[in-house]
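Give me the fold of what follows.
(2 chains)
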There are 2 protein chains.
Amino acid sequence: MPVLRFYKLYLSPNRKYVKLLKNLLGFVPGNLMLYRLAFRHKSVAQVVKKGVKNSNERLEFLGDAVLGSVVAEILFKMYPYEDEGFLTELRSKIVSRINLNQLGRKLGFEQLVEFDNRVINTSRQSSLLGDAFEALIGAVYLDKGYNFTKEFLATRIIKPHVDIHKLENTETNFKSKLIEWCQRHSKDITFELTSNQQGESSKLFTVQASIDGEIFGSGKEFNKKTAEKLAAEKACEALGI
Amino acid sequence: MPVLRFYKLYLSPNRKYVKLLKNLLGFVPGNLMLYRLAFRHKSVAQVVKKGVKNSNERLEFLGDAVLGSVVAEILFKMYPYEDEGFLTELRSKIVSRINLNQLGRKLGFEQLVEFDNRVINTSRQSSLLGDAFEALIGAVYLDKGYNFTKEFLATRIIKPHVDIHKLENTETNFKSKLIEWCQRHSKDITFELTSNQQGESSKLFTVQASIDGEIFGSGKEFNKKTAEKLAAEKACEALGI
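Residues are numbered from 1 along each chain as shown, chains lettered A, B, ... in the order given. Here you go, the predicted model:
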């Protein structure tokens, strides 16, 4: 429909937004409402009915599922002689929060995500990008269908931005990743054991990862090392590294 | 292609298998190899290359993802005013191992699943049905595409066999479910605390659920009750109840 396309891009009152999306995504969106919703964090959502807010969370649920399915197929076909354990692990690296946050940043979602910056502080904003990325996949799916979404993910997202073969060999070590990042940015990182809860049948360790005195992640486990790892992973996620 | 369809159903050397599948699934399959693979448990698989066996495990990985995506969309559209927490929980009930095992049984997969019964004892066979169900979804997807699979799942599987509204209100209590089942089948059930590992920083409980003296599930947690629950869940899964 070249006429409709022309109207959307050059004449409609939303032409600026349409152009912005087209530049970022590589296609002209159909139902704009879906895309606006995908970029709306719950901190700026309004209640629409029965306590339901028009935020991107429902789209995120849908997009996460569609993304999982598309990535599963890509890997299934890419590695015909690897078993399901290999495929499962590799997929979880590709769709990890950290990877999705980075993708959101690479795609320039910072210009699009709406949120209340009194609620979400700067360093935590990157996790919004990954959430918006998943919600966007949900929006593309509802707008254009499965095959379009698969093609979009394969050619516009994964091929240019995700090095699958590199991820294959990556062991994710969040603690060293976080320490490196802090050194590079001249920040102090501390892992602090904040509680050591001793119940009837458990001994839980809570570790907080703080950067320049601000807590960025905390982990709870009945093993101090694992609690540290969890805290580091959450801090990495919050920082989008 | 009515000629090809006629050939497949009445003339081809595989016509018996094609008819069986048509009766169970409601459509004439395209690539038969995929369906045979979907019903082949690893206990009867042969090594095809580099240690890879031609079992249904890879198809199960793919089918699990496609199923998750289709169910996500069905729920997304069925409950426009529920939040993502509700949707996530309901989906996990629908795609639970127990539910999938039951689906496999209802669909008559017992006649189709190939496995080595020297390796898999009778009471554990039901979990093979759920695995085969997921693998079948993977096969249908590769054979017929996403939209066909979605339609197939919605009209042939979910509508007649899954009561979503009932699941919505179900709290899954595996322990009572297991005890009930044992009473109905006049079997003895015991939950036995087998170890109480006390490490430097943990106190792990291992509980085994045994039926008539045979272990059907075990759970490990640092809380005895949860360990029992886990053991019961695994036993329910093994028994396909």
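
Next to chain B in this structure, residues from chain A, please.
Contact residues (Cβ under 8 Å from any Cβ of the partner chain) of chain A with chain B: A:49-50, A:52, A:57-58, A:60-62, A:64-66, A:68-69, A:71-73, A:76, A:81-84, A:87-88, A:141, A:145-147, A:150, A:201-203, A:205, A:222-224. For glycine as for every other residue, the C-beta is placed from the backbone atoms N, C-alpha and C.

Among these, which lie within helices?
Using DSSP state H, A:57-58, A:60-62, A:64-66, A:68-69, A:71-73, A:76, A:84, A:87-88, A:141, A:146-147, A:150, A:224 are the members of those that sit in helices.

Just the buried subset of those residues, please.
A:57-58, A:60-62, A:64-66, A:68-69, A:71-73, A:76, A:84, A:87, A:141, A:146, A:150, A:224 (16 or more other Cβ atoms under 10 Å in any protein chain shown).

what about A:His161, neighbour count?
12 (other Cβ atoms under 10 Å in any protein chain shown).

quick one: it and A:Gly104, what's the gap?
Distance, A:His161 to A:Gly104, by Cβ to Cβ, to the nearest Å: 11 Å.

How is chain A partitioned into domains?
Domain assignment for chain A, taken from automatic domain parsing, gives A:31-168, A:174-239.

Check for me that A:Ile241 belongs to a strand.
No: secondary structure of A:Ile241 (DSSP: H, G, I helix; E, B strand; the rest coil): coil, not part of a strand.

Just confirm it contacts A:Arg184, I think it does.
No: in this structure A:Ile241 lies outside contact range of A:Arg184 using Cβ atoms under 8 Å: 9.7 Å.

Show me which of those two is the more surrounded one.
A:Ile241 (18 against 9).

What separation is there between the residue nearest the centre of chain A and B:Arg15?
In chain A, the centroid-proximal residue (Cα atoms, centre = their mean) is A:Gly130; its distance is 1.8 Å. According to Cβ to Cβ, A:Gly130 and B:Arg15 sit 51 Å apart.

Look up the closest residue to A:Tyr17, ignoring the ones flanking it.
In space, and not counting its chain neighbours, A:Tyr17 is closest to A:Leu32: 6.7 Å by Cβ to Cβ, 6 or more residues apart in numbering or on different chains.

repeat for A:Lys224
Spatial nearest neighbour of A:Lys224, chain neighbours left out: A:Phe205 (4.7 Å); criterion: Cβ to Cβ, 6+ apart.

How about the one you found: which residues does it bridge to?
Here A:Phe205 sits in beta bridges with A:Asn196, A:Glu221, going by DSSP bridges.

give me every residue that touches the closest residue to A:Ser69 other than its chain neighbours.
With sequence-adjacent residues excluded and distances taken as Cβ to Cβ, 6+ apart, A:Ser69 is closest to B:Ser69, at 3.9 Å. Counting by Cβ atoms under 8 Å, 6 or more residues apart in numbering or on different chains, B:Ser69 touches A:65-66, A:68-69.

confidence score at B:Ser69?
Note for B:Ser69: predicted pLDDT of 98.

Just the C-alpha atoms of stretch A:26-34, please, in PDB.
These are the backbone C-alpha positions of stretch A:26-34, laid out as PDB (Å, rounded to 0.1, in the frame of the first residue of the first chain):
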ATOM      1  CA  GLY A  26      13.800  -0.400   9.200                       C
ATOM      2  CA  PHE A  27      10.100  -0.700   8.400                       C
ATOM      3  CA  VAL A  28       7.000   1.500   8.500                       C
ATOM      4  CA  PRO A  29       4.800   0.400  11.400                       C
ATOM      5  CA  GLY A  30       1.100  -0.300  11.000                       C
ATOM      6  CA  ASN A  31      -0.700   0.200  14.300                       C
ATOM      7  CA  LEU A  32       1.200   3.000  16.000                       C
ATOM      8  CA  MET A  33      -0.600   2.600  19.300                       C
ATOM      9  CA  LEU A  34       1.200  -0.800  19.800                       C
END
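
Please point out which parts of it sit buried.
Within stretch A:26-34, the residues that count as buried by 16+ other Cβ under 10 Å are A:29-30, A:32, A:34.

Strands of chain A, residue ranges please.
A:47-49, A:52-53, A:189-198, A:203-211, A:214-221 (DSSP state E).

Serialize the ones you listed to a markdown table and add fields for mean pLDDT and mean neighbour count.
As requested, the strands of chain A are exported to a markdown table (pLDDT from 0 to 100; neighbours: other Cβ atoms under 10 Å in any protein chain shown):
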| stretch | mean pLDDT | mean neighbour count |
| --- | --- | --- |
| strand A:47-49 | 78 | 10 |
| strand A:52-53 | 76 | 16 |
| strand A:189-198 | 76 | 14 |
| strand A:203-211 | 83 | 20 |
| strand A:214-221 | 84 | 18 |
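
wait, doesn't A:Ala235 sit right on A:Gly217?
Yes: at 3.5 Å, A:Ala235 and A:Gly217 qualify as touching, with contact defined as Cβ under 8 Å.

hey, what's in contact with both of the two?
Shared contacts of A:Ala235 and A:Gly217, counting by Cβ under 8 Å, 6+ apart, come down to A:Ala209.

In chain A, where is pLDDT below threshold?
By pLDDT under 70, the weakly predicted segments of chain A are A:1, A:51, A:122-124, A:171-172, A:196-203, A:222.

what separates the residue nearest to the centre of chain A from B:Phe216, distance-wise?
Distance from A:Gly130 to B:Phe216, by Cβ to Cβ: 40 Å.

What distance do you get for the closest residue to A:Gly30 other than its chain neighbours to A:Ile137?
What sits nearest to A:Gly30 in space, not counting adjacent residues and going by Cβ to Cβ, 6+ apart, is A:Asp143, at 4.6 Å. To A:Ile137, A:Asp143 is 11 Å away according to Cβ to Cβ.

higher neighbour count, these two?
Between A:Asp143 and A:Ile137, counted using other Cβ under 10 Å, A:Ile137 has the larger neighbour count: 26 against 18.

my guess is that one meets A:Val71, correct?
No: A:Ile137 lies out of contact with A:Val71 (Cβ under 8 Å); the separation is 10.4 Å.

what touches both of the two?
Shared contacts of A:Ile137 and A:Val71, defined by Cβ under 8 Å, 6+ apart, are found at A:Leu153.

Just list the residues touching A:Phe61, thanks.
A:138, B:72, B:76, B:84, B:87-88.

Quick check: the gap between it and B:Phe76.
As judged by Cβ to Cβ, A:Phe61 and B:Phe76 stand 7 Å apart.

Overlap in contacts, these two.
Between them, A:Phe61 and B:Phe76 share the contacting residues B:Leu87, judged by Cβ under 8 Å, 6+ apart.

Quick check: phi and psi at the residue nearest to A:Leu21 when sequence neighbours are not counted.
Spatial nearest neighbour of A:Leu21, excluding adjacent residues (Cβ to Cβ, 6+ apart): A:Pro29 at 5.2 Å. Here is the backbone geometry of A:Pro29 (degrees, to the nearest 10): phi -70, psi 150.
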